[in-house]
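Undergrad: build me a model:
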Amino acid sequence: MQRRNFLKVLATGSVIAIYPSMIDGTLHADDGTLFETYEKVQLVDEEGNPILASTLEKEKNYVFNYPHVATTCILLALPRATDTKVTLKDEDGTEYIWNGGVGKEKNIVAYSGICPHQLTHVNKSDTFISYLGTGKKTMACKQDNVIVCGSHLSAYDPQKGCKVIAGPAPQPLASVVLEHHEDDTLWAVAILGNDKFQQFFKAFKPELKEQFGGKRKAKKMLKNTTTTLALADYTKEVIQY
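TA: Numbering: from 1, shown residues only. The predicted structure is shown next:
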C-alpha cells in the first residue's frame, strides 16, 4: 500500500477508530510496517474478570502484555479527552495518523512500554518508564501529564499519541490500538507505529530467558485475554525522574 493511500485509510477514522479488528493483516507505508493487526485480546483482571473502561482510575499507571507474552504496555485513563487525528512521524520520517483515545470520555489510551531510544522497558524488577500525572514534576520535561523514560529523560505526550516532547528518543512510543465495546470492555487489537519488538527480543535474551524460559516463549503471541494490573503491583520498583 502506498503511503498516500495508507494515510487516507488512517485519516478517515471510520474503521480504525471504531473496530480496528475488522482489518485483517498489515498496512504498509513506503518504507515499513506501521499498522499491524494481531490477535484480538480482551483486557481482564487477575481473576479473569473483564476490565471495564469506566472503572479505570484516572492518571493511574496500568500495565498489560501485548501482543507478545513479554512485551509490556502502559494503559492510562487520562484526565481529559485526547487530541484526535494527530500526525506522527517515526525515526525514518514516515508519517502516520493516531486517532485518539477510546471510552466514553475518549481519554483511554495504551502505549508500548518499550522506549525507542535504548529499549528501556516496563519490567518486573524495576521500571524506569511511566506516566507522571497532574502536578508532578520531572527532570525530563517541565510540563505534567507526560510519560517519562528515566533512563535518558525522554518525555512523551500521551494526549497526542506519545509524541516526543523532550530528550533523545527518535520517535513516539508505539500505540496499542484499543477497541471499546458497548458493554464497556476493552480489547487490544493492533499496534500503530514502529514497535521495536524485534530489537527488544535481540537485546534482552538473558532477561527473557530468566523470566520466560527463553526468547521463543517470550515471543509467544497472546490469545483471548491479557491480565491487566496496576503498575505498582506489577513491578518491584517504579523509578521516576
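Undergrad: tell me the buried residues in stretch 169-185?
TA: Ala169, Gln171, Pro172, Leu173, Ala174, Ser175, Val176, Val177, Leu178, Glu179, His180 (16 or more other CB atoms under 10 Å). Just so you know, the C-beta spots here come from the backbone N, C-alpha and C atoms, and that holds for glycine as well.
Undergrad: and those residues, which is closest to Cys149?
TA: Ala169 (7.1 Å; CB to CB).
Undergrad: and the helices in the chain?
TA: 3-12, 197-203, 205-212, 215-218, 231-234 (DSSP state H).
Undergrad: any idea how far the residue nearest the centre of the chain lies from Glu207?
TA: Central residue of the chain (CA atoms, centre = their mean): Tyr111, 1.3 Å from the mean position. Between Tyr111 and Glu207 the computed distance is 21 Å (CB to CB, to the nearest Å).
Undergrad: picking up where we left off before, in strands only, show me the buried residues of stretch 169-185.
TA: Ser175, Val176, Val177, Leu178, Glu179, His180 (DSSP state E).
Undergrad: now Trp123: how far from Asn65?
TA: Check again: residue 123 is Asn, not Trp. Look at Asn123 and Asn65: by CB to CB, they are 11 Å apart.
Undergrad: now Ser112: how far from Ser54?
TA: Taking CB to CB, one finds Ser112 at 25 Å from Ser54.
Undergrad: rewinding a little: what sits in contact with each of Asn123 and Asn65?
TA: Here Asn123 and Asn65 share the contacting residues Thr72, scored by CB atoms under 8 Å, 6 or more residues apart in numbering.
Undergrad: got a list of what the nearest residue to Phe212 once chain neighbours are set aside touches?
TA: Closest residue in space to Phe212, ignoring its immediate chain neighbours: Ala218 at 4.1 Å, by CB to CB, 6 or more residues apart in numbering. Going by CB under 8 Å, 6+ apart, Ala218 touches His68, Val69, Ala70, Phe201, Leu208, Gln211, Phe212.
Undergrad: show me which of those are buried.
TA: Among the contacts of Ala218, those buried by neighbour count (16+ other CB under 10 Å) are His68, Val69, Ala70, Phe201, Leu208, Gln211, Phe212.
Undergrad: quick check, nearest of those to Thr37?
TA: With CB to CB as the yardstick, the closest approach to Thr37 among those comes from His68, at 14.3 Å.
Undergrad: and the closest one, how close does it get to Asn49?
TA: 23 Å.
Undergrad: check Gly135 too.
TA: Applying CB to CB to Gly135 and Asn49 gives a distance of 32 Å.
Undergrad: before we move on, what about Leu222?
TA: Taking CB to CB, one finds Leu222 at 17 Å from Asn49.
Undergrad: what do you get for Val148?
TA: Following CB to CB, the distance that separates Val148 from Asn49 is 31 Å.
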